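Participant: quick one, fold the following:
(2 chains)
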Number of protein chains: 2
Amino acid sequence: MRILARDIPRHEGEAVTLCGWAHRIRKLGGITFVILRDRSGLVQVVYDTEPDFSLESVIRIQGRVASNEKAPGGYEVQAAATEVIGAAVAELPVAINKDLDSVGLETILDNRIVTLRNPSVRRIFELQASLLHYFAEYLRGEGFTEIKSSKIIGSGTEGGTGLFTVDYFGERVYLAQSPQFYKQAMVASGLERVFEIGAAYRAEKHDTPRHLNEYVSLDVEMGFIESESDLMDLETELLGHIFTSVQRDHADILDEYGATVPTGEEFSRTPRISHEEARQFIKERTGKTAFEINPEGERELCEWAREEHGVEAVFVYGFPRKKRPFYTYPEGLKTRSFDLLFRGLEITTGGQRIHQYATLLETLPKFGLTEEGLGDYCSIFKYGCPPHGGFAIGLERLTQKILGLQNVKEASLFPRDRKRVRP
Amino acid sequence: MRILARDIPRHEGEAVTLCGWAHRIRKLGGITFVILRDRSGLVQVVYDTEPDFSLESVIRIQGRVASNEKAPGGYEVQAAATEVIGAAVAELPVAINKDLDSVGLETILDNRIVTLRNPSVRRIFELQASLLHYFAEYLRGEGFTEIKSSKIIGSGTEGGTGLFTVDYFGERVYLAQSPQFYKQAMVASGLERVFEIGAAYRAEKHDTPRHLNEYVSLDVEMGFIESESDLMDLETELLGHIFTSVQRDHADILDEYGATVPTGEEFSRTPRISHEEARQFIKERTGKTAFEINPEGERELCEWAREEHGVEAVFVYGFPRKKRPFYTYPEGLKTRSFDLLFRGLEITTGGQRIHQYATLLETLPKFGLTEEGLGDYCSIFKYGCPPHGGFAIGLERLTQKILGLQNVKEASLFPRDRKRVRP
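Facilitator: As a prediction, the model looks like this:
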């Protein structure tokens, strides 16, 4: 019966079987020290012979557990028998057991299959898996239903730009930029509160540390709201839950990355400022007039929030109408919309949507749109729809900002950018 | 403060606010009975005037809760004030408050945005949401890590047929048929046990009650297995957990559909027969020689399992090599692969994979493949990979078979078939 590396201390003096990867091999006199890596951690294995396998080979070891103050973790396994169950070739494209900081990101991503073996890299995705869990867990507790909508769409709700085209049995269709249409439809269908975890596609030729062409969107939509304030309240609670859970379950990963998360109480202090105030703050702090909130502005606003409120996050609401999609609920020349900036990066866009059919029909021409051009979109509202709104959190951006990663691509298992469709 | 329909009995005699859709409106003498529908259920509202809204309008009602033996559920609300917060047009394309059995599936799907309001239809997806939850919950408990892999791939691991093409900044790429490559890569990366919930695409021109061109694949991959038996064991436990949870949480939906699920104990009796035995059983029962297990054969095998083992499910293992993809672990002319048939339908394909680089290189030419042609696939094994395997469950097929739906499209929120890319 195989045991995991993390369980070694419970087996002192016993004969055990371990399976894993040969993470490190070091010869010292007649003795060879092998660090074995499995999904739970690392353990030192000692050979008094010279074992016949190369780095990264997958091995099954039988041996006896002994305490040894000098061994990492205080225990080691004295190998009695070893079987190579998945031999590795001698030459690795990148050293896995070393810090990858000196290896460029492009090399890391080119060799993603191998570099993911580095425990620090892998841990990004252990954390990310938990983010998926916490997100769904919180929303289920609040009466939200998970949905899975199609990513193949006949027409783009957000307009035709930025869409990847798919050849669908000879017909030209698109990859969805967001589940916007579908999550609104499901609120109106009577589920009232829905969330979706799914891929989103943006055919934009960005090549920045904050953009991906395919990302995981954590989408939320809620009916019977009074205004976008309800959505900011919900997101504050949701992220508070996520941060608290990360701290509880993954303090070791945070430590490894020298990262921290806000407590729920800290995050609940996240200030809410209007788009106008935001522009003014940016002007005051940088001396530059900001027509839009650009990346520098996002950093400044988070820095301001940290100084004034003790949290590196800020909700910006009240974006002008022309800066938001047609379906955003209008409020004069402004809209009931918001962004959430966290540690200098926009991680969420959200807002209340127009839910009245008549209002929507009045709005479309102002955006050069027609009911027919939007496919089935308007039928969501034609047959009775409650006031509603929602938001979306980029999973990779959230992961990036929790761990303080330089580039969002580090937080995507197999990132897609303008030039990269492999591995 | 709004209350939900299901909470009415706790508020007898109190003034309450309810929000929802006007599900039914019936005038009787000077009195109007409105059935209000919200996410939790239905409640009768009584007006002594004639209220001014049409079916499906979204309304906010203030009124007093009274017990009434004749009202559905034993309570009703005597309306004091009503506000229309989302007016519906008078004419609905399909009657929502009637049984949709007489409406054809194409009409139901053409009007999906509206027909999803029918409580019976909606409940399919409330159940489906829970299936997603139970699946992830069980696997997390067994040490599996959730992954999110790219659906945009540079080359097809399973061969180029059946792939949708995407125009990726002028380059021809594909939508993934499965996360096969990625889940194997993540096992080899050291996560050892992974699962993914994601879209899968098949550009096949089927038009049957069992096929979708886009579906949600519940994928599992596990390292350090001995053989495909470990995988069948895991799937038996996993589905046992799912069925038990469905019975616990959704007995009402099962009742509504006249459906049942096997108990965990019943499902654990699922027999395992070889592909050869399966063909023989089919021949014995139908009198026809079966070269492959066709849909009729799948039904016969499940019927046999029901008669002999008291469960409508059967694992078929040992498929011939030429019927399985190149990466399937060979065992002479057979493979360590299996299907799970449930209630007459294949809901899972799985198996052990080749994990040794040398074996893989020997295998490729037999399938007309080359290492280069497979992109980065072979590098998973080149650098040390444990014995592993996995399986995938089609979410829509599982939902279909639990509820006894005629067509798998009924179990997809927004199904995509050869002709359908909307809504």
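Participant: now the strands for the stretch 251-400 of chain A?
Facilitator: For the stretch 251-400 of chain A, the strands defined by DSSP state E, counting those that start in this stretch occupy A:272-274, A:313-317, A:330-331, A:334-335, A:337-342, A:345-353, A:388-394.
Participant: now those in a markdown table, with distance to B:Val187, mean pLDDT and mean neighbour count?
Facilitator: C-betas here are computed from N, CA, C, even on glycine. As requested, the strands of the stretch 251-400 of chain A are exported to a markdown table (distance: least, C-beta to C-beta, whole Å; pLDDT from 0 to 100; neighbours: other C-beta atoms under 10 Å in any protein chain shown):
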| stretch | distance to B:Val187 | mean pLDDT | mean neighbour count |
| --- | --- | --- | --- |
| strand A:272-274 | 44 | 98 | 17 |
| strand A:313-317 | 36 | 98 | 24 |
| strand A:330-331 | 50 | 96 | 16 |
| strand A:334-335 | 46 | 98 | 22 |
| strand A:337-342 | 33 | 98 | 25 |
| strand A:345-353 | 30 | 97 | 23 |
| strand A:388-394 | 27 | 98 | 25 |
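Participant: of all these, which one is nearest chain B?
Facilitator: strand A:388-394 (9.1 Å; C-beta to the nearest C-beta).
Participant: other residues contacting the closest one?
Facilitator: Here strand A:388-394 makes contact (C-beta atoms under 8 Å, 6 or more residues apart in numbering or on different chains) with A:135, A:178, A:183-184, A:187-188, A:200, A:215-225, A:228, A:230-231, A:235, A:239, A:329, A:336, A:338, A:340, A:347-353, A:355, A:408.
Participant: try it again with 7 Å
Facilitator: With C-beta atoms under 7 Å, 6 or more residues apart in numbering or on different chains as the test, strand A:388-394 has contacts from A:178, A:183-184, A:187, A:215, A:217-223, A:225, A:228, A:231, A:235, A:347-353, A:355.
Participant: distance of the spatially closest residue to A:Phe291 that is not a sequence neighbour from chain B?
Facilitator: Nearest-residue entry for A:Phe291: A:Arg279, 7.7 Å, with adjacent residues in sequence omitted and distances by C-beta to C-beta, 6 or more residues apart in numbering or on different chains. According to C-beta to the nearest C-beta, to the nearest Å, A:Arg279 stands 34 Å off from chain B.
Participant: can you pull the pLDDT of A:Arg279?
Facilitator: Here, the pLDDT recorded for A:Arg279 equals 95.
Participant: and it, how many neighbours?
Facilitator: As a burial measure, A:Arg279 scores 19 neighbours (other C-beta atoms under 10 Å in any protein chain shown).
Participant: what does A:Gln280 give?
Facilitator: Neighbours of A:Gln280 (other C-beta under 10 Å): 14.
Participant: same check, this time on A:Phe243
Facilitator: Around A:Phe243 there are 19 residues (other C-beta under 10 Å).
Participant: mind checking the SS state of it?
Facilitator: helix (DSSP: H, G, I helix; E, B strand; the rest coil).
Participant: which residues touch it?
Facilitator: A:Phe243 makes contact with A:Val261, A:Pro262, A:Gly264, A:Phe267, according to C-beta under 7 Å, 6+ apart.
Participant: including neighbour count, could those residues go into TSV?
Facilitator: Converted to TSV, the contacts of A:Phe243 look like this (neighbours: other C-beta atoms under 10 Å in any protein chain shown):
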residue	neighbour count
A:Val261	21
A:Pro262	22
A:Gly264	17
A:Phe267	23
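Participant: looking at those residues, spot the one nearest chain B.
Facilitator: Nearest member of these to chain B, counting by C-beta to the nearest C-beta, is A:Val261, at 19.7 Å.
Participant: tell me the domain ranges of chain A?
Facilitator: Following automatic domain parsing, one gets these domains for chain A: A:2-86, A:113-411.
Participant: quick check: which of those domains has the most neighbours on average?
Facilitator: Greatest average neighbour count among the domains of chain A goes to domain A:113-411 (a mean of 20), per mean count of other C-beta atoms under 10 Å in any protein chain shown.
Participant: what is A:Asp38 paired to in the beta sheet?
Facilitator: Beta-bridge pairing for A:Asp38 (DSSP bridges): A:Gly41.
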